[in-house]
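K.L.:
prediction below, plus the sequence it came from.
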Amino acid sequence: MQPPSLHPPPSKLGITLDQHIRNQMAMSPGATGHFTSLLYQIALAAKLVDSQVRKAGLANVLGYTGETNVQGEEVQKLDEMANETFLTVMRRGGRVCAIASEELESAVIVEGNGRYAVTMDPLDGSSNIDVNISIGTIFGIYRRKSDPTEPANDADLLQPGRDLRAAGYIIYGSSTMLVYSTGGKSGVHGFTLDPTIGEFFLSHENIRVPAHGSTYSVNEGNTSRWNESTRRWAEWVKADDKESGRPYGARYVGTLVADAHRTLLKGGIFAYPADRKSPQGKLRLMYEANPFAFLFEAAGGRACDGRRRILDIEPQSLHQRTPLVIGSPDDVSDFERFAVEEAGA
Ligand code: AHG
Ligand code: MN
Ligand code: MN
């Protein structure tokens, strides 16, 4: 019998988010603490939003404001509150130079010499707010490109996803979690909020997306608007084939954060393809697709628009849309196979 090891693997499970961020900083030579402080600010804003979400049914924050946002969608009170909260915390924090939000037509340019540009969907899954289904926040962090002695501009934000320095999301679900990555080898880590003390603790260390899964996630109500390859793919995932584990089970929440979170942990595929109504897809490149593409790749998964790698798309505008397919590498490749066959490549 082996004696117990004197040096068990150094699991960090249970450490606080603050400690984790400090550890990461200690591993990056030359780090100045600016990035660390920005992550603290995001975690603080997440806790403030969480506290509003948790009492949403009581605090007169349900329902619509009566306004529409730049996408022509009805703005809900929680959307506005989440947007204001993240903006206020980051503006005061002094580490960002520009912020692009789903809720604002133009970028917010922040005075000062902040070194980072942030893209965000402050409240994702708006249609699920009033029915007590998981909602979320998505963020991406880029390094500033403009001269810090000049005002920042849109070019600081309009960078391809492969240049993200970090990305993450918060899911306000049966529990509240913050998941983030600084990319590549640093891994993807998930922290669960203990609401009784207001602290995030590491609960999901080094998340790896399985090579393939057993569920597919797509709004099948759009079938009549899909192109032929998407229809053929959807038939294929539902066909009986024991060897490849088909048929897959269907899972669709209608909150990207929730559908992507499940797919990240359990594997499988999430797709919001282009269709006749949304020829460019529905989801937004800068604050929905890119952050998730970054996280899935860092966790060993894949992200494409059907043909191209999401992270290689050169953005043209803050609110541009893109088809999005994310998930287990094998499952995303299967989707691509159908798209490529149709293109006759
Ligand atoms: P948002 O609430 O930020 O506008 O995003 C809604 C998005 C996304 O969360 C979800 O994946 C998708 O809309 C669902 O769209 P359908 O209702 O068309 O399926
Ligand atoms: Mn969204
Ligand atoms: Mn939103």
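P.N.:
On my side now, so go ahead. Ligands and ions are numbered 1, 2, ... in the order given.
K.L.:
and Ser203, that one's in a strand?
P.N.:
Yes. Secondary structure assignment (DSSP: H, G, I helix; E, B strand; the rest coil) places Ser203 inside a strand.
K.L.:
got the contact list for it?
P.N.:
Ser203 is in contact with 13, 177, 190-192, counting by Cβ atoms under 8 Å, 6 or more residues apart in numbering. C-betas here are computed from N, CA, C, even on glycine.
K.L.:
looking at those residues, which is nearest ligand 1?
P.N.:
For the contacts of Ser203, the closest approach to ligand 1 (Cβ to the nearest ligand atom) belongs to Met177, at 16.4 Å.
K.L.:
for the closest one, helix, strand, or coil?
P.N.:
Following three-state DSSP, Met177 is assigned to strand.
K.L.:
Met120 now?
P.N.:
Using three-state DSSP, the structure places Met120 in strand.
K.L.:
now Gly136
P.N.:
Gly136 - assigned by three-state DSSP - is strand.
K.L.:
separation between it and Tyr142?
P.N.:
20 Å (Cβ to Cβ, to the nearest Å).
K.L.:
state the number of residues packed around Glu314.
P.N.:
When neighbours are counted by other Cβ atoms under 10 Å, Glu314 registers 7.
K.L.:
again with the one 3 residues further on
P.N.:
Ser317: 12 surrounding residues under other Cβ under 10 Å.
K.L.:
and it, what is it in contact with?
P.N.:
Leu158.
K.L.:
Glu243 versus that one, what's the distance?
P.N.:
45 Å.
K.L.:
got a list of what Asp163 touches?
P.N.:
With Cβ under 8 Å, 6+ apart, Asp163 has these contacts: 142-143.
K.L.:
tell me the domain ranges of this protein?
P.N.:
According to automatic domain parsing, the chain comprises the domains 10-204, 215-344.
K.L.:
out of the ones you listed, nearest to ligand 3?
P.N.:
domain 10-204 (4.4 Å; Cβ to the ion).
K.L.:
looking at the domains of the chain, which has the lowest confidence?
P.N.:
Mean pLDDT values for the domains of the chain show the minimum at domain 10-204, a mean of 91.
K.L.:
so what's Phe270 bridging to?
P.N.:
With DSSP bridges as the criterion, Phe270 is bridged to Ser217, Ile326.
K.L.:
residues near it, how many?
P.N.:
By other Cβ under 10 Å, 28 other residues sit near Phe270.
K.L.:
ok, the one 10 residues further on next?
P.N.:
Here the count is done by other Cβ under 10 Å, and Gln280 has 13 residues near it.
K.L.:
how far away is it from Arg321?
P.N.:
Taking Cβ to Cβ, one finds Gln280 at 4 Å from Arg321.
K.L.:
which among the contacts of Ser203 gets closest to Ala299?
P.N.:
Nearest to Ala299 among these is Gly190, at 10.3 Å by Cβ to Cβ.
K.L.:
surely the closest one is within a strand?
P.N.:
Yes. Using three-state DSSP, the secondary structure at Gly190 is a strand.
K.L.:
if I read this right, it contacts Phe201, doesn't it?
P.N.:
No. Counting by Cβ atoms under 8 Å, Gly190 does not reach Phe201; the two are 10.0 Å apart.
K.L.:
so for the two, which sits in the more crowded spot?
P.N.:
Neighbours were counted for Gly190 and for Phe201 using other Cβ under 10 Å; Gly190 has more, 21 against 16.
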